[in-house]
Each structure stands twice: as structure tokens, then as C-alpha cells.
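Novice: this is the structure alone, sequence omitted:
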């Protein structure tokens, strides 16, 4: 059986920070405003793992997410498009979500 790190294409790097996001569902529509907040737990070349602080957002596997990732120690946000790959409940109030970056072909 493989360890999680053995199956990963990219190494994860701890990256504790906040981000804003907008869930778009299964269709690609640009958000007017980034409405929700989450905490980044780690990041890699392939995606980001976040923790949401409420159960208000209805994440589904395959949903498109627009996220703004902050650069450390700089007042700059990197707008990024991703797809929900997995969801894990932490407890009744929080959950972790794996988001894979969508790359242009």
C-alpha cells in the first residue's frame, strides 16, 4: 500500500494563510465577488488544501472554484482556477477540501 506522499505528483509545502474563494459549481462563470474565506493548509504545484470554517458552502467533487491566493508578506493576490478533487469532514463545523489547479491546455 502506498503512503499519501508516494502517490503525489508534487510535494506539498505547508502554507498557513487565508484565502478568498467563490464556488462556481460545474459551470464556468466568472465571479463578481469573492465571497467566502478559508484557511490554506498546504500548497503544491498541482493544487491547494484548504479548511473551511463553516458548512455553508456546498462543495461537491468536480465543482469549479475561483480562489485568490495571497503571496507571503506582499499585498498581492494570485487569482487561480481550480477543481474540487476531494472533501474530508474535520468535525461538525469545519472540513478540508483538496483543490487541483486547472491548467490551460
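Specialist: In hand now; what should we look at? Here the structure is a predicted model, which means the values were calculated and not measured.

Novice: just after the helix or strand bottoming out on mean pLDDT in the chain, pick out the following helix or strand.
Specialist: For the chain, scoring each helix and strand by mean pLDDT, DSSP states H and E identifies helix 4-7 as the least confident one, at a mean of 54. Once helix 4-7 ends, the next helix or strand along the chain (criterion: DSSP states H and E) is strand 13-25.

Novice: tell me which residues of that next one come out buried.
Specialist: For strand 13-25, the neighbour count (16 or more other Cβ atoms under 10 Å) marks 15, 19, 20, 21, 22, 23, 24 as buried. C-betas here are computed from N, CA, C, even on glycine.

Novice: got a list of what the first one touches?
Specialist: This means residue 15. Contact partners of residue 15, counting by Cβ atoms under 8 Å, 6 or more residues apart in numbering, are 40, 41, 42, 43, 48.

Novice: which residue packs closest to it, ignoring adjacent ones?
Specialist: Using Cβ to Cβ, 6 or more residues apart in numbering and skipping residues adjacent in sequence, the residue nearest residue 15 is residue 43, 4.3 Å away.

Novice: pLDDT at the one you found, what is it?
Specialist: pLDDT, residue 43: 91.
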